[in-house]
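S.K.: just a sequence and a predicted model for now, questions to come.
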Amino acid sequence: MDIHVAETVTGYDALVAALESWGIEVCAGVTGGGTIRFLEKLPPLHAGEDAAGRSEPDGMNFLSLGEYASGFVPLGVYLASGRIGACIATTGAATKLLGCGLSDAKLHDIPAVYIIPASPAETEGLSPLQDTSRHGSNMLAQLRAELPDGVFVLDDAATMDRQLRQAHAQLQRCKPVVLVLDHGALKTEMAPHRPPPQPDPAFASAEADAFADAFCRSIRGRRVVILAGEELARIPDAPRLTSRLCEVLGSPIVWSINGANGVERGNPRGHGYISFGGNDAAIRLWQGIGADDVLLVLGACPDEYTVNLAPYAAGDTFILTGLADGYGQVDGGFGHRAAGACRQLVASLDMALRSLLGRLERHPPETRRTGPAPDDLNTRRPGVPRPGHVDMAALFRALDARWRPNTIGFDDVCLAYKDRQYVIQRPHPHARFFSLYRGSAMGNVLGLAIGARLAAPDSDVVGFTGDGCFRLFAGYLAEARDLGILLFLLDNASYGIIEQGVHTIIPDAPASRRHNRLARMDFAAMAGACGWRSAALRPDLANLDEILDAHRAGPASTLVTVPVDAGHILGINPRAGNL
């Protein structure tokens, strides 16, 4: 008689198989403590050697990288490719180093996997090294306070497969998850993880039809204003779709910092960025919305840097979002943010937008149409910086003319994440730029750029950072030296955002109490010691093309030091008035 013996694997093998079935190819972090046995399952990823040169996925690989930068790597992976990435910290306090990236993943609705080990349960009360129990860091309670439904403790072989399915479901809802390793459970034999087949997402046509019916009734004879939120950046065809929508409705459109990626530069009704670093035309339009208007929000974007804590002021607000419980929602919706009536549809944003657009094009609505936006979206003239400093407006415009197709860029928490959008006004047709401004953790740019470069090796990856931000990732530069990242460092020996805002917040405080100055550093020497090419941009930009040509000629990453006048204010910072 034949006896069938079921195949078994260790819990570690099952976990790796599950992560790979989710499409994860990159895991970044540091080994040690409770991570060693898991990471022995992963081959090393040598950035620049086999990472940027891989043409086909070959399973999940591990990049040894300090935890602070690693916490942002999965976010860069997702923003560049739409795929999920992972990161890992060793047992104990190192978990907190991943935490800044984790917070931004939550606040920007980015699916990402954070892997951390726990101290063995049998050591509780025995003062173990890197104590994560309730007597030590109380790690699980801290993580669950931020992610109530996103922390999965893999401490039981019998329930591990179910927990992994639950974690995957969270990722599919654009939520980050934390997987907690328990060696006692993961070393045991268990059945291999077999992910269930993934059905095609159903489109709620009845709800979409009801939403469209209400919208079409509401807009008759009224002006419609469109707000493009950051969810649109996840729809490849969004720029073309929003242009068609503006045309059929005769509607002006404004956008959030990341929502710009869902708008065409040539959209004649594009009025620009609103609020933080916003354009004057967009701010005037936004502040002029009233009870007679209808607001259509595509991918809800209710955060402070977009709407400055104010409600949606239209008489009727219609919100399309693909997130059932996205950041900023209360009781399943954004109704609390609307001054007037509010209706929300949660569905595939791509399909819902196409469905609504198709209906409007078949039956053109009788809206109160508006004219095109002005060619120049700014009326304020900021002037020029002090001698010896780069005119950042000129630099941003020069770079905008030089970005190559398939460029992805990131603005760190520095003057660039306020000034770039003010100067450029409209999104680039071949370059996507992102800012993780909701958590605003300084020093995020290196991890983001590494993740983007590993996920999209054929892209040009560029970042803007400040001399304050640089201090948070400088020790990790060596691991990215062969990735071909281009990094502009704004050198003003200060926390530039603070220096500009402090005059509004505490105008009478003496300079010594403003605490915004930084010691000068030799950034070129530091970059060179880590294997990076370095260059100092001249104030007249005369060597910009030389720097770009040299960078594009070889595989090395490049750090470009830019002398910046922190007193030269370009984009506005409305948040300063809230402090």
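M.R.: All right, it came through fine. What you see is a predicted model, and the numbers here were worked out from it, not measured in a lab. Numbers count the residues shown, from 1 in each chain.
S.K.: what about the helices in the stretch 451-579 of the chain?
M.R.: In the stretch 451-579 of the chain, the helices defined using DSSP state H, counting those that start in this stretch lie at 467-470, 496-505, 523-529, 544-553.
S.K.: I meant to write the stretch 201-350 of the chain there.
M.R.: 205-218, 238-249, 280-287, 304-307, 349-362.
S.K.: buried set for the second one?
M.R.: For helix 238-249, the neighbour count (16 or more other C-beta atoms under 10 Å) marks A238, P239, L241, T242, S243, R244, L245, C246, E247, V248, L249 as buried. C-beta coordinates here come from the backbone N, C-alpha and C atoms, glycine included.
S.K.: before we move on, back to that, of all the helices of the stretch 451-579 of the chain, which lies closest to S275?
M.R.: In terms of C-beta to C-beta, the element of these nearest to S275 is helix 496-505, at 14.4 Å.
S.K.: could you dump the helices of the stretch 451-579 of the chain to CSV with distance to F38, mean neighbour count and mean pLDDT?
M.R.: Below are the helices of the stretch 451-579 of the chain laid out as CSV (distance: least, C-beta to C-beta, whole Å; neighbours: other C-beta atoms under 10 Å; pLDDT from 0 to 100):
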stretch, distance to F38, mean neighbour count, mean pLDDT
helix 467-470, 31, 24, 92
helix 496-505, 39, 19, 73
helix 523-529, 32, 16, 94
helix 544-553, 37, 14, 97
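S.K.: as TSV, these with distance to R426 would be great.
M.R.: Converted to TSV, those look like this (distance: least, C-beta to C-beta, whole Å):
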stretch	distance to R426
helix 467-470	26
helix 496-505	24
helix 523-529	31
helix 544-553	21
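S.K.: quick one: which of those helices is nearest G439?
M.R.: Across the helices of the stretch 451-579 of the chain, closest to G439 is helix 467-470 (C-beta to C-beta), at 13.4 Å.
S.K.: give the contact list for the residue lying closest to R517 once chain neighbours are set aside.
M.R.: Excluding its sequence neighbours, the residue lying closest to R517 (C-beta to C-beta, 6 or more residues apart in numbering) is S494, at 5.4 Å. Counting by C-beta atoms under 8 Å, 6 or more residues apart in numbering, S494 touches D467, G468, N516, R517, L518, A566.
S.K.: repeat that with 6 Å
M.R.: The neighbours of S494, taking C-beta atoms under 6 Å, 6 or more residues apart in numbering as the test, are N516, R517, L518, A566.
S.K.: which one of the residues you listed sits closest to E231?
M.R.: For these, the nearest to E231 is A566 (33.7 Å; C-beta to C-beta).
S.K.: go ahead and confirm M442 touches C469.
M.R.: Yes - using C-beta atoms under 6 Å, M442 is in contact with C469, at 4.5 Å.
S.K.: what are the boundaries of the strands in the stretch 51-200 of the chain?
M.R.: 61-64, 86-88, 113-117, 151-154, 177-181, 189-190 (DSSP state E, counting those that start in this stretch).
S.K.: with the buried residues of helix 238-249 in mind, which one is nearest to L415?
M.R.: P239 (26.9 Å).
S.K.: I'd say that closest one and G266 touch.
M.R.: No - P239 lies out of contact with G266 (C-beta under 6 Å); the separation is 9.1 Å.
S.K.: show me what contacts T242?
M.R.: Per C-beta under 6 Å, 6+ apart, neighbours of T242: G262, V263.
S.K.: i'd like the first residue to be 2 from this point on
M.R.: Got it, first residue is 2 now, which makes that one T243.
S.K.: tell me how far it lies from I284.
M.R.: 20 Å (C-beta to C-beta, to the nearest Å).
S.K.: what's around T408, how many residues?
M.R.: 18 (other C-beta atoms under 10 Å).
S.K.: nearest spatial neighbour of it, skipping sequence neighbours?
M.R.: A432 (3.8 Å).
S.K.: just read off the phi/psi values of that neighbour.
M.R.: phi -130, psi 130 (degrees, to the nearest 10).
S.K.: from what I can see it touches W404, true?
M.R.: Yes - judged on C-beta under 6 Å, A432 makes contact with W404 at a distance of 4.1 Å.
S.K.: grab the nearest non-local neighbour of T133.
M.R.: Per C-beta to C-beta, 6+ apart, closest to T133 is M140, 4.1 Å.
S.K.: okay, now that neighbour: neighbour count?
M.R.: Neighbours of M140 (other C-beta under 10 Å): 25.
S.K.: likewise P511?
M.R.: A count of nearby residues for P511, using other C-beta under 10 Å, gives 7.
S.K.: how far away is it from G578?
M.R.: Distance from P511 to G578, by C-beta to C-beta: 22 Å.
S.K.: what does L299 give?
M.R.: 28 Å.
S.K.: neighbour count: the two, which is higher?
M.R.: L299 (29 against 11).
S.K.: what residues are up against that one?
M.R.: A229, G230, L233, L321.
S.K.: one more time with 7 Å, if that's ok
M.R.: L299 makes contact with I227, L228, A229, G230, L233, L321, L354, according to C-beta atoms under 7 Å, 6 or more residues apart in numbering.
S.K.: quick check, the third one in contact with I254.
M.R.: Same thing as A229. Yes - using C-beta atoms under 7 Å, A229 is in contact with I254, at 6.0 Å.
S.K.: what sits in contact with each of these two?
M.R.: T243, V264.
S.K.: where does pLDDT dip in the protein?
M.R.: 2-7, 49-58, 199-203, 205, 498, 577 (pLDDT under 70).
S.K.: closest to the centroid, which residue in it?
M.R.: L437 (4.6 Å; C-alpha atoms, centre = their mean).
S.K.: and it, how far from Y69?
M.R.: Taking C-beta to C-beta, one finds L437 at 14 Å from Y69.
S.K.: what of L542?
M.R.: L542 is 32 Å from Y69, by C-beta to C-beta.
S.K.: neighbour-wise, which of these two wins?
M.R.: Y69 (24 against 17).
S.K.: ok, that one - contacts?
M.R.: L98, C101, G444, L473, F474.
S.K.: look up how far L80 lies from it.
M.R.: Relative to L80, and taking C-beta to C-beta, Y69 is found at 18 Å.
S.K.: how about G410?
M.R.: For G410 relative to L80 (C-beta to C-beta), the value is 10 Å.
S.K.: again, but for L455
M.R.: Distance from L455 to L80, by C-beta to C-beta: 12 Å.
S.K.: just D210 next, same as before
M.R.: The value you get for D210 to L80, if C-beta to C-beta is used, is 33 Å.
S.K.: between the two, tell me which one has more neighbours.
M.R.: Higher neighbour count among D210 and L80: L80, with 26 against 13, using other C-beta under 10 Å.
S.K.: quick check: closest non-adjacent residue to the more buried one.
M.R.: Nearest to L80 is F435, by C-beta to C-beta, 6+ apart, at 5.3 Å.
S.K.: that neighbour in helix, strand or coil?
M.R.: strand (DSSP: H, G, I helix; E, B strand; the rest coil).
S.K.: mind listing what it touches?
M.R.: Counted by C-beta under 7 Å, 6+ apart, F435 has contacts L80, N259, F411.
S.K.: give me the neighbour count for the closest residue in space to the second one that isn't next to it in sequence.
M.R.: I take that to be N259. Residue nearest to N259 in three dimensions, not counting chain neighbours: E231, with 3.6 Å by C-beta to C-beta, 6+ apart. Using other C-beta under 10 Å, E231 is surrounded by 25 other residues.
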